[in-house]
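**Student:** Using only what follows, build the 3D model:
(one chain, ligands or ions: 1)
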Amino acid sequence: MFSVGHNRPQVMGILNITPDSFSDGGQLYIGGLPSLDKVLFLADLLVEQGADILDIGGESTRPGAITITESEELERVVPVVAALKQRFDIPLSVDTSTPEVMRLAAAEGASMINDVRALCRPGALEAAAASQLPVVLMHLRGEPKNMQDDPAYKDVVNDVVGFLTGRVSACEGAGIDRSRLVIDPGFGFGKTLDHNLDLFRALPELVALGLPVLVGLSRKRMIGEVLGKPTADRVCGSVALALLAAQKGVSMIRVHDVGATVDTLKVLAATKEP
Ligand code: 8Y7
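**Tutor:** Prediction:
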C-alpha cells in the first residue's frame, strides 16, 4: 500500500477526464473530446508538484451530473491510463464504479481502484478482487444524481462507520484482503455541511478502525459554505482541511492543488518529533 510507512499522508492528484466535473470540468476538453495533450500537460504539472499518485476519472459524480454509459467511460479512461503509464512512473488510481473499466484499467497498469460506490455495482467486487489492486471504498448516500436531496442520518458517524465496515466485510468475503483496502467517509456525497463537519471531527474514529483513510475535501462545497467563495477561491480552505486531516491521522488526501498541499504536509512533517 502507498500509505503505510511514510511520515506524511500521500497526496493524490486529481485528473478529471470529464466534460462536466464539479470544480474543474471541461478543462481538458476540446470540442467535446478530451485532449490527450492537455491531459499529459496537467499530469506532468501534478507530478512536478509532488503528487504521489494520480486519480483518473471519467464519470462526473457532482450532484445532478448526467450518468454516462460504460463505453463512454471506457473510451475516456482507458486510453488515458495507457498514455500516462507509458510516460510517467507515478502510480495511477482509476476513479470508477464500473467493473469493465476496473478490468481494462488494471490491464493497462493502473495501481489502485477508487470507487465512490464502494464496489456496490453488480460485478464490481469480483472485478476488483480479480485485479489484485488496492481499493478505496467510499461512503455515498444514494446516487450522485439524488444524493443531495435532503440527506438525513440517524447518526452520520455511526452510519458511515457501519456502512464502511460492512463493505470491508463484503470485500473480504469476495477474496479482497484487508491489506488491500482504504476507507473514505465521502465528504460531500449525500451530506449537509453539519454532516461533513461531524465526519471531519470523527476522522480519528475512522483511523482507529485500522485501515488507511483517504479524504477528498479539495475545493468542495463544504468549504464554499464556510467561506462564501466559489471553487477557484477555495485553495486556502482546502489546504487548511488537508493539514487538519493529516493531524487526525489520515493516510491519503485527494486534491486539485497538489503543490500547495505537498508543501503544507512537508512542513507539518518537519515539525514532528525526530
Ligand atoms: C471524492 C472522490 C470525488 C472523495 C474519493 C470532487 C472521485 C468530487 N470526491 N473519491 N471522488 N473521495 N475516494 O469534488 O471525496 O472531487 S469527485
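**Student:** Give me the neighbour count for the single nearest residue of the stretch 151-274 of the chain relative to the ligand.
**Tutor:** Using CB to the nearest ligand atom, the closest approach of the stretch 151-274 of the chain to the ligand is made by residue 216 at 2.2 Å. For every residue, glycine as well, the C-beta is placed using N, CA and C. Residue 216 has 25 neighbours, counted by other CB atoms under 10 Å.
**Student:** which residues does it contact?
**Tutor:** Counting by CB atoms under 8 Å, 6 or more residues apart in numbering, residue 216 touches 138, 184, 186, 187, 188, 253, 254, 255.
**Student:** Compute the first-to-last residue distance for stretch 85-104.
**Tutor:** 13 Å (CA to CA, to the nearest Å).
**Student:** let me fix that: stretch 91-98
**Tutor:** Note: stretch 91-98 ends 20 Å apart using CA to CA.
**Student:** Which helix or which strand is home to residue 191?
**Tutor:** Following DSSP states H and E, there is no helix or strand that holds residue 191.
**Student:** Residue 156 is in contact with that one, correct?
**Tutor:** Yes: with contact defined as CB atoms under 8 Å, residue 191 and residue 156 form a contacting pair (7.0 Å).
**Student:** Would you mind trimming the contacts of residue 216 to those in range of the ligand?
**Tutor:** 138, 184, 186, 187, 254 (CB under 6 Å from any ligand atom).
**Student:** Neighbours of the first one, how many?
**Tutor:** Looking back up the chat, that one is residue 138. Neighbours of residue 138 using other CB under 10 Å come to 28.
**Student:** quick one, phi psi at it?
**Tutor:** With angles defined as degrees, to the nearest 10, residue 138 sits at phi -110, psi 150.
**Student:** Surely it and residue 119 touch.
**Tutor:** No: with contact defined as CB under 8 Å, residue 138 does not reach residue 119; the gap is 10.0 Å.
**Student:** What residue, apart from its backbone neighbours, is nearest residue 76 spatially?
**Tutor:** residue 58 (3.6 Å; CB to CB, 6 or more residues apart in numbering).
**Student:** Burial check on residue 229, number of neighbours?
**Tutor:** 15.
**Student:** Could you do the one 5 residues further on as well?
**Tutor:** Close neighbours of residue 234, defined as other CB under 10 Å, add up to 24.
**Student:** Renumber starting at 43 from here on
**Tutor:** Got it, the first residue is 43 from now on, which makes the last one we talked about residue 276.
**Student:** Can you tell me how far it is from residue 128?
**Tutor:** 33 Å (CB to CB, to the nearest Å).
**Student:** One more: residue 176?
**Tutor:** 22 Å.
**Student:** between those two, which one's more packed in?
**Tutor:** The residue with more neighbours, out of residue 176 and residue 128, is residue 176; 22 against 10, by other CB under 10 Å.
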